[in-house]
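# Pasting the sequence and the predicted model now:
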Amino acid sequence: MSIKKQMEILENEVATFNARKSLLSAALIIVAAMVVSPFLPKDLGALCCVPALLMIVYIFVTKRILEALTIGAVVGFIMVGSPGENVMWTFADSLLNTMMSEDIAWLIIVCGLMGGIIALIQRSGGAYAFGLWASKKAKTQRMALMWAWVLGIIIFIDDYLNSMTVGSCMAPLTDKHRTPREMLAYICDSTAAPVCVLIPITTWSIFCGKILIKNGWQEGDAGVIEMFMKTIPYNFYAWIAALIVPLVVLGVVPKIFGMKKAYERVEAGGPLAPPGSEKISILASDKGEEDNIPNNPKMLNFFIPLAVLVGATMFFDNEMMMGVLVALVVMFIMYMLQNLMPAVEFWDVIIKGIQNMILPLMLMVLAFVFADMNEQIGFTKWCIESATTFMTPATAPMIIFLVLACTEFITGTNWGMYIIALPIIIPLAFNIGAFMPLTVGACISAGVFGSHICFYSDATVLTSAACGCDNFRHALTQMPYGFISAIVAFIMFAVFGFIMA
C-alpha cells in the first residue's frame, strides 16, 4: 500500500465511522449478554474473560476506546448480576463509587492542576524559552529525542509528573525536527513507569513497599524503601523497556510496524500527529490557540516551577498533590512579580488547562469502572489461581509475569493489580519456596508492562495528552517495542527462576 493511500485511510477514519453500525453492534452485544446471563453458573470460571476479550476486539475493530470500556463494563455487570437486575443501576453505582473514591479524587485534582501548570508554563513563555535554548543544544532529531529520554530519567519521582512534563515541554522541540508525535510519546512512556520502579524514592516504590510489608514480606527491621530495593535488580521489564529507548532513537533497534508507518507519513509531508490527536492533546498549538508569548521570555519560568514541583513532592513524602499546590503558589507569586499577566488571567489559564484534561480524565474514570467490574467478576484472581497449579519455585517468576502481564494488558490497572495480586503471590511464594525478590519483581514488572502498553491505562492516556498524540495510535506504535521488552523479560525470569530455585 502506498504512503499516500495510508495517509488517506488515516485521515478518513473519523469521517467514515458508521454511527448506526456501531450502535447496532453495541445493542446486539448487550442484548446477547442479557439473554445468556440467566443460564450462566455462579462460578463463572473462564467465562470471566469474556468482557475483557470483547473489549479488546471492539477496540481493534472500531478504534474507539470510550465505547469499548463502557460496553465491556456493562456486559461484565450483566454477567455478574442477578437475573432481572437493572444493569444501569449497577453501572451507575460503580461510576458513583469510582468518582467518590480517594484515588479518583486525587487523580482529578493532581492531573487537572497539572494541566493548569503546563498551560501556565506555556503562557508565561517558559516553554518557548526552553525550546529556544534546547534547540541550540539539540540540533538534530536524534539529539532532541535523546534529550527527551534524559529528561524523563531526571524527572523520576512520579510517572504522571514525568509523562506530562516531558511530553508537553519537548513536543515543540521535536516538532521542529519533524518527528512523529508517536515517537515522542513512546519515549516519554518508556521513561515514566519503568524508571519509577528502578529508583527507590518514587511514588511507585513507596506504594509497593507498603504492600510488601503489609502482606508479610519483611526482613528484620527493613523499612518500606529497603524492602522495595530488594526487587529493583529483578524488575527486568522496566530495565529493558527503559534501556531499549536510546537503541531505538539511535537506529540500533529499527523502526517497525506502526512506528515505521508514522515516520513514512511525516517524510511524505503528512502531519506530525496522527488524525484525531487534537481531541486529547493539551498542547496550545494543537488546540488552535495563540501562544500569546510575552516579550523577553525567560527560562526561569520553565525551570523554577518544575524544580519546585519535584522538590515539594519529595519534601512532602512523595505526595504529588502537595507538590502541585506548592508549585501553583510559587508560580502565582513569580508571575505577579514579573507582571506577566493579571491575577484573573492566571486563574483563567489554570481553568483552560483543566479543561484540556477532561477527555483523558474521562478515559481514566471509565478504565476504573471497567477495573471495578473485573474485580467483581474475579478476572485477575481467577487468572492467578488458574496458574498456581503449574508453579514450582523455578517456574513461578516466569508464570507470574506472563499471567499478570496478560491481565494488565487487558485491565491496565497497575497499582490496582498490585493490591489484588501481591496478597496472593507473597504467601504463595513462601509456601512453594520461591525466591521472593525475583517473584515479587515479576509481579511489579507485569504492572509496569500494563501501565506501558494498555490502550487506556493512566500512563498511556496522560502521555498521549501531553505529547499531542491520539492514544490509540500511541499504544499501537509502542506496542511492538513493549512486546520485545516483555519477551526478553520473560526469558530472563525463566533463566533466573531456575538459577535461584
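Perfect, thanks for sending it.

# D175: what's it in contact with?
272, 285 (Cβ atoms under 8 Å, 6 or more residues apart in numbering). For the C-beta atoms, the positions are set from N, CA and C on the backbone; glycine is no exception.

# quick one: buried residues of the strand or helix carrying it?
Secondary structure assigned from DSSP states H and E places D175 in helix 159-176. Buried residues in helix 159-176, counted by 16 or more other Cβ atoms under 10 Å: 159-175.

# after that helix comes which helix or strand?
helix 181-190.

# ok now the following helix or strand past that next one, how far from the chain's centre?
Later in the chain than helix 181-190, the nearest helix or strand by DSSP H and E is helix 193-196. Centroid separation between helix 193-196 and its chain, computed with Cα atoms, centre = their mean, to the nearest Å, is 11 Å.

# now do stretch 145-161
Between the mean C-alpha location of stretch 145-161 and the chain-wide mean there is a distance of 14 Å, by Cα atoms, centre = their mean.

# Extract the C-alpha set from that stretch and format it as PDB.
The C-alpha coordinates for stretch 145-161 follow below in PDB (Å, rounded to 0.1, in the frame of the first residue of the first chain):
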ATOM      1  CA  LEU A 145      14.900  12.600  21.200                       C
ATOM      2  CA  MET A 146      17.900  11.800  23.400                       C
ATOM      3  CA  TRP A 147      17.100  14.900  25.400                       C
ATOM      4  CA  ALA A 148      13.600  13.700  25.900                       C
ATOM      5  CA  TRP A 149      14.900  10.400  27.200                       C
ATOM      6  CA  VAL A 150      17.400  12.000  29.600                       C
ATOM      7  CA  LEU A 151      14.800  14.500  30.900                       C
ATOM      8  CA  GLY A 152      12.500  11.600  31.500                       C
ATOM      9  CA  ILE A 153      15.200   9.900  33.700                       C
ATOM     10  CA  ILE A 154      15.800  13.100  35.600                       C
ATOM     11  CA  ILE A 155      12.100  13.600  36.500                       C
ATOM     12  CA  PHE A 156      11.900  10.200  38.100                       C
ATOM     13  CA  ILE A 157       9.700  11.000  41.100                       C
ATOM     14  CA  ASP A 158       6.300  10.000  39.600                       C
ATOM     15  CA  ASP A 159       5.200   8.700  36.200                       C
ATOM     16  CA  TYR A 160       2.300  11.200  35.900                       C
ATOM     17  CA  LEU A 161       4.700  14.100  36.500                       C
END
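
# Contacts only, for the residue lying closest to I400 once chain neighbours are set aside.
Once flanking residues are discounted, I400 sits nearest to A442: 4.5 Å by Cβ to Cβ, 6 or more residues apart in numbering. Contacts were defined as Cβ under 8 Å, 6+ apart; by that measure A442 touches 234, 396-398, 400-401, 404, 493.

# element containing the spatially closest residue to M99 that is not a sequence neighbour, please.
Nearest residue to M99, sequence neighbours excluded (Cβ to Cβ, 6+ apart): V365, at 6.8 Å. V365 belongs to helix 358-377 when elements are defined using DSSP H and E.

# so where's the protein shaky on pLDDT?
Within the chain, the segments meeting pLDDT under 70 span 1-23, 63, 83-84, 284, 286-292, 413-414, 416, 501.

# what's the angle between the helix holding D175 and helix 358-377?
Using axes from the mean of the first three to the mean of the last three Cα atoms, to 10 degrees, the inter-axis angle of helix 159-176 relative to helix 358-377 is 140 degrees.

# next one: helix 159-176 to chain centre, how far?
In terms of Cα atoms, centre = their mean, the centre of helix 159-176 is set 14 Å apart from its chain centre.

# how far off helix 181-190 does it point, in degrees?
Between helix 159-176 and helix 181-190, the angle comes out at 150 degrees (the same axes, to 10 degrees).

# still on that earlier bit, for the helix holding V365, what is the distance to the chain centroid?
Here the centre of mass of C-alpha atoms in helix 358-377, compared against the chain's by Cα atoms, centre = their mean, lies 13 Å away.

# buried set for that helix?
359-361, 363-377.

# The following helix or strand past that helix packs against which elements?
Where DSSP H and E defines the elements, the next helix or strand beyond helix 358-377 is helix 379-388. Here helix 379-388 touches helix 396-411, helix 415-432, going by 3 or more Cβ pairs under 8 Å, 6 or more residues apart in numbering; DSSP states H and E.

# Pick the most deeply packed of the ones you listed.
Of all the helices and strands packed on helix 379-388, helix 396-411 carries the top mean neighbour count, a mean of 25, counting by mean count of other Cβ atoms under 10 Å.

# between that helix and helix 379-388, how big is the angle?
150 degrees.

# name the helices or strands packed onto helix 396-411?
When contacts are defined as 3+ Cβ pairs under 8 Å, 6+ apart, helix 396-411 packs onto helix 50-62, helix 358-377, helix 379-388, helix 415-432, helix 436-453, helix 471-500.

# mind redoing it with 10 Å?
The contact analysis (3 or more Cβ pairs under 10 Å, 6 or more residues apart in numbering; DSSP states H and E) places helix 396-411 against helix 50-62, helix 236-249, helix 358-377, helix 379-388, helix 415-432, helix 436-453, helix 471-500.

# With E278 as the reference, name the closest of those helices.
Set against E278 and scored by Cβ to Cβ, the helices and strands packed on helix 396-411 come closest in helix 358-377, at 10.5 Å.
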